[in-house]
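Peer 1: A predicted structure for the sequence below; I have some questions about it.
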Amino acid sequence: QKGVMGGVAGLAILVAMNPQNIFANTTGATEQAEIAINELNFPDAGFRQYILDEIDVDKNQSLSETERFKTEMYVYQEDMWINDLTGLEYFEDLEKLHIHYYGGTELDLSEFTGLTTFSLAIAPELATLELSGLDYDEITLMYCLKLSDLQLEAPNLGELLIMECNELKHLDLSGCGDGF
């Protein structure tokens, strides 16, 4: 019993002499919560510039937890095509996503389980769009010129707008609400 008490007393003295070491992991976790806005985390120059211009409020070229807590994003960068949305996964709370001028050939949003509204305008090269497993209530697709197959499983889908997707040959709405 004396040995245990001696160890506790020794720990108390150590904490009193150097308290910041006890909380080093907490400080490290806060630092790790910052996501650098760089080519590694956001490889697409247009998307990276959008993040720097519109999301990085304090202009420190990194995203804090607060800056990443977005429920709605309008991804648009004037005079630049966005071809790759790598880095979007840092925004885990997204409910509404609007993308304009997407130049990629594929897009998979299946990991964004909270997403309820999605709009994509002007995506001339997009051939593959993965939206399965999500419970959307609104989807808008405009000028997706090479999109040929779309399968939706959205039981609460209330609004679906598809314009100028001329290559769309197969549209499966069997997993959607009664209105479809």
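Peer 2: That came through, no problem.

Peer 1: D172 touches L150, doesn't it?
Peer 2: Yes. The pair D172 / L150 is scored as a contact, 7.2 Å apart, by CB atoms under 8 Å. Every C-beta, even on glycine, is put in place using the N, C-alpha and C of the backbone.

Peer 1: between those two, tell me which one has more neighbours.
Peer 2: L150 (21 against 11; other CB atoms under 10 Å).

Peer 1: for the nearest residue to that one once chain neighbours are set aside, helix, strand, or coil?
Peer 2: Leaving aside its chain neighbours, L150 sits nearest to L171 (5.3 Å; criterion: CB to CB, 6 or more residues apart in numbering). Three-state call for L171 (DSSP: H, G, I helix; E, B strand; the rest coil): strand.

Peer 1: burial measure for L171, as a count.
Peer 2: 15.

Peer 1: host element of the closest residue to L85 other than its chain neighbours?
Peer 2: The shortest distance from L85 to any non-neighbouring residue, by CB to CB, 6+ apart, is to F47 (6.0 Å). Using DSSP states H and E, F47 maps to helix 45-50.
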